[in-house]
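Participant: got a predicted model here, sequence first, then my questions.
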Amino acid sequence: MSKKILIVDDEKAIVDILNHNLKREGYETIQAYDGEEAVAKVKEEKPDLILLDVMLPKMDGFTVCKTIRQTSNIPIIMVTAKEDVVDKVIGLELGADDYITKPFSVREVMARVKANLRKWDEIETSLKNSDGDQQLLSFGPLTLDTYKYEAKVSGKSVELTLREFELLKFLATQQGQVFSREELLEKVWGYEYFGDVRTVDVTIRRIREKIEENPSVPEFLATKRGIGYYFNAN
């Protein structure tokens, strides 16, 4: 069964371009031209991935993302016409998995779509193949349940997005090994480096805010200056 992609943009020309190229790749597509329609389409159509513009009538993309994240973890790729870093950060903080800046390369969009769907399929397969037993990783006060995709600090649940959990789990299972931002994009996000590593930086910062006692002096997610990040279990 082909994957269903929801394209959300108020510019018909952009919707048409994405629609044409996604269908050519074998995807089923549906469209929404404002934020309220997007939220309704998610409930009605249950898409496998959303390409979500930021600047929308009736309800902006940030609000749409936040609303969807209350009930669903499906991959969301934010599409923004702004180069402003703040927009990108806000999208990631609200639970978006990825972002693309207009004007975009169709090739890059297709690569991001494929990578996010592939990663989601891997997660679902992992959950289905699990025998249901707890698979715990414990590091002092931090505990990761890799079956339930749950994190706890000192016994208290921590709300992580799927992408945040995936990144934390990956680094935790590779204790002490330093990974560059480009390597983490490939290993965790599932695509080769396209030129903007802020996605990794923002996600690391968000995880630190949730699991570290003092995010500015992290105990678990450490930085190797000039190289990248690693998990410190000591």
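Facilitator: That came in fine, so what should we check first?

Participant: the longest helix seen in the chain: which residues count as buried?
Facilitator: Determined from DSSP state H, the single longest helix within the chain is helix 106-129. Within helix 106-129, the residues that count as buried by 16 or more other CB atoms under 10 Å are Val109, Met110, Arg112, Val113, Lys114, Ala115, Asn116, Leu117, Lys119, Trp120. Using the backbone N, CA and C atoms, a C-beta is placed for each residue, glycine as well.

Participant: now these in TSV, with distance to Asp9 and pLDDT?
Facilitator: Formatted as TSV, the buried residues of helix 106-129 follow (distance: CB to CB, whole Å; pLDDT from 0 to 100):
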residue	distance to Asp9	pLDDT
Val109	12	90
Met110	16	92
Arg112	15	87
Val113	14	92
Lys114	20	89
Ala115	20	86
Asn116	18	87
Leu117	19	89
Lys119	23	80
Trp120	22	81
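
Participant: quick one, strands of this structure?
Facilitator: In the chain, strands defined by DSSP state E lie at 4-8, 28-32, 49-53, 76-80, 98-101, 136-139, 142-145, 150-153, 156-158, 221-224, 228-231, listed in chain order.

Participant: for the buried residues of helix 106-129, which one is nearest Phe220?
Facilitator: Nearest to Phe220, judged by CB to CB, of those is Lys119 at 22.6 Å.

Participant: just checking, the closest one touches Gly190?
Facilitator: Yes: between Lys119 and Gly190 there is a contact under CB atoms under 8 Å: 4.5 Å.

Participant: please report how far the residue positioned nearest the centre of the chain lies from Pro57.
Facilitator: The centre of the chain sits closest to Asp97, judged by CA atoms, centre = their mean, with a distance of 1.8 Å. Going from Asp97 to Pro57 by CB to CB, to the nearest Å gives 24 Å.

Participant: closest to Glu11 among the buried residues of helix 106-129?
Facilitator: Nearest to Glu11 among the buried residues of helix 106-129, counting by CB to CB, is Val109 at 14.4 Å.

Participant: list the contacts for that closest one?
Facilitator: Counting by CB atoms under 8 Å, 6 or more residues apart in numbering, Val109 touches Leu18, Asn21, Leu51, Ile77, Ile100.

Participant: likewise for Ile5?
Facilitator: Applying CB under 8 Å, 6+ apart to Ile5 gives the contacts Leu22, Tyr27, Glu28, Thr29, Ile30, Pro47, Asp48, Leu49, Ile50, Leu51, Val113.

Participant: quick check: pLDDT value at Ala13.
Facilitator: Turning to Ala13, the model gives it a pLDDT of 94.

Participant: i'd like the first residue to be 397 from this point on
Facilitator: Shifting the count to begin at 397 puts that one at Ala409.

Participant: where in the protein is pLDDT low?
Facilitator: The chain contains residues with pLDDT under 70 at 397, 478-481, 522-530, 587-592, 630.

Participant: 80 - rerun?
Facilitator: 397, 477-489, 518-531, 543-544, 586-593, 629-630 (pLDDT under 80).
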